[in-house]
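Q: have a look at this prediction, sequence included:
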Amino acid sequence: MLIDVHTHLDFPQFDSDRKEIVGKASEDGILIINSGIGPEGIEKTINLIEKHEGILATLGLSPQEFDSGVIDETIRLIRKYKNRIVGIGEVGLDYYWIKEPEKRGRGMDNFRRFISLAKELSLPLVVHSRDAENEMVEELTAQGIKALLHCFGGSAELGKKAISFGCLVSIPTSVAYSKRKQELVGEIPLEAMVLESDAPYLAPTPRERNTPLNIRIAAKKIAEIKGIEYDKVAEITTRNAREFFNLRF
Ligand SMILES: [Zn+2]
């Protein structure tokens, strides 16, 4: 069994064949954790987990969202569905798109609200940190909270620092071609790794639509880089995800 810890099957890119993909993933032994973001994504994601077996959910908000009404509503919905989800996320910091210091400051305030919520509800936290990896690891350290670092783009050094206090590093399907991701895999221990598709993004072939089915490709690449069996990668990454999200099966 494999676990895709981060995907967006509620997105419109899957409107025509969502059911088929979910069915195929379940046949292939792939458990999907869908990341529903913002009020609309949250409702769609709850709908998705109600309709299908083999899908779990985390709920969060894009770090590019600054509308206070949307943020409040997202927090209200996470509280409402707290018993049906396995974590909070993705939430986080995006300094690739957000450049103004004032806005970055507000982004950090927003992120802190979700950290508090995760602590209050005792739910695992899944974070996004684009071009803000240092700030992210610093904040998690200061807050004394571990997180799953979705699509981690920082250095191996920083990754190891995060791992030292219990964070997991999520390796996306783009590891198939991304030299940076391949180097990261070489440097960090399998015991701190999980797999993700981030579908429809980060496909193993650039610019194609990604699906959770492709996480097998990520597992194969990791096995090749580490010089270990595919089954070992499947076993350890699945165990890591189960422990992090407190999955009982
Ligand atoms: Zn994502």
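A: Looks like it arrived, so ask away.

Q: give the buried residues for the lengthiest helix in the chain.
A: Using DSSP state H, we find that the single longest helix of the chain is helix 101-121. The neighbour-count check on helix 101-121 (16 or more other CB atoms under 10 Å) flags 104, 107-108, 110-111, 114-115, 117-118 as buried. C-beta: built from backbone N, CA, C; applies to glycine.

Q: now do it, average pLDDT.
A: In this model, helix 101-121 has a mean pLDDT of 97.

Q: export that helix as PDB, just CAs?
A: Coordinates of each C-alpha in helix 101-121 appear next as PDB, following Å, rounded to 0.1, in the frame of the first residue of the first chain:
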ATOM      1  CA  PRO A 101       7.100  42.900   3.400                       C
ATOM      2  CA  GLU A 102       3.800  44.200   4.800                       C
ATOM      3  CA  LYS A 103       1.900  41.500   3.100                       C
ATOM      4  CA  ARG A 104       4.400  38.800   4.100                       C
ATOM      5  CA  GLY A 105       3.900  39.900   7.700                       C
ATOM      6  CA  ARG A 106       0.100  39.500   7.400                       C
ATOM      7  CA  GLY A 107       0.700  36.100   5.700                       C
ATOM      8  CA  MET A 108       2.700  35.100   8.800                       C
ATOM      9  CA  ASP A 109      -0.200  36.300  11.100                       C
ATOM     10  CA  ASN A 110      -2.600  34.200   9.100                       C
ATOM     11  CA  PHE A 111      -0.400  31.200   9.200                       C
ATOM     12  CA  ARG A 112      -0.100  31.500  13.000                       C
ATOM     13  CA  ARG A 113      -3.900  31.400  13.300                       C
ATOM     14  CA  PHE A 114      -3.800  27.900  11.600                       C
ATOM     15  CA  ILE A 115      -1.000  26.800  13.900                       C
ATOM     16  CA  SER A 116      -3.100  27.800  16.900                       C
ATOM     17  CA  LEU A 117      -6.000  25.900  15.400                       C
ATOM     18  CA  ALA A 118      -4.000  22.800  14.900                       C
ATOM     19  CA  LYS A 119      -2.800  22.900  18.500                       C
ATOM     20  CA  GLU A 120      -6.300  23.500  19.800                       C
ATOM     21  CA  LEU A 121      -7.900  20.700  17.800                       C
END
